[in-house]
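Undergrad: Quick one: sequence and predicted model below, then my questions.
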Amino acid sequence: MKNINKIKCHSVLDTESSTLAVLQGNNTSVRGRSQIKFGMTSLFHNGNNGFTLIELLVVVLIIGILAAVALPQYKVAVAKARLANVRPVLASIKQAQEAYYMANGTYTDNINDLDIDLSFCEVSSDYDTILICDKYFMIDPLTAQEGEASHRIRAAYCPDEIKGDKRWNLCAYQKQDFIYQVWLSHSPYPDKIGCYSYTAVTALGKQICNSL
């Protein structure tokens, strides 16, 4: 009987020891996982809820790369949209010049001779024949000053100059990104549409002209 009780006691003790060992092992695993997790958190967040300097620099770098790629394309898209707005004005001027030619056998260099309402445009500060339309283009609607070679309507894209002195000579010959022109029907290049620059073509002007 005593032997049986001893065996039972040993069994209970062995069971308790095994259970305690398992619990200690589990606690060790939990502490190990907590230490690893805390170590990873410390590595990236320096023990708090903020961001490290390296993380902020990476974000700034990514934003800078995206801006460098997207900004030029955005400027091209804006310039194209503005050109689309001013094209109907050029078409109306051309139509008025062609009507005057049919009646008189020549184009006019007097804007008052044209049967067209240009009251929505303002006049340049250096030439009363140069119009500023759509706030971004300076337009030369007259063609007879230089003979047949000038039988065209020009629109110079120079928003910076229009915000300033609004002078045609600076806009058309120095500060423009590009000049969009429409040749009249009785000209060396009948009804041709072109794009060019008097100065070195800017990257924006080059893209716009190549897309026409």
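TA: Yep, it's here.
Undergrad: so what's the backbone phi/psi at the residue nearest the centre of the chain?
TA: Centroid check for the chain by CA atoms, centre = their mean gives residue 74 as the closest residue, at 1.5 Å. Main-chain dihedrals, residue 74, degrees, to the nearest 10: phi -70, psi -40.
Undergrad: do you know how far it is from residue 197?
TA: 21 Å (CB to CB, to the nearest Å). Any C-beta I mention is one placed from the backbone N, CA and C, and that applies to glycine too.
Undergrad: swap in residue 160?
TA: Residue 160 sits 15 Å away from residue 197, taking CB to CB as the criterion.
Undergrad: okay, those two: which has more neighbours?
TA: residue 197 (19 against 12; other CB atoms under 10 Å).
Undergrad: Am I right that the more buried one is in contact with residue 178?
TA: Yes: contact criterion CB atoms under 8 Å: residue 197 and residue 178 qualify, at 5.4 Å.
Undergrad: where do the contact lists of those two overlap?
TA: Contact criterion CB atoms under 8 Å, 6 or more residues apart in numbering; residues shared by residue 197 and residue 178: 205, 209.
Undergrad: Now the host helix or strand of residue 70: average pLDDT?
TA: Using DSSP states H and E, residue 70 sits in helix 53-104. Helix 53-104 carries an average pLDDT of 87.
Undergrad: quick one, what contacts residue 91?
TA: By CB under 8 Å, 6+ apart, residue 91 lies in contact with residue 182.
Undergrad: any idea how far residue 191 is from it?
TA: Taking CB to CB as the measure, residue 91 falls 11 Å from residue 191.
Undergrad: and if you look at residue 164?
TA: Distance of residue 164 to residue 191, computed by CB to CB: 34 Å.
Undergrad: What of residue 181?
TA: Applying CB to CB, the value for residue 181 to residue 191 is 12 Å.
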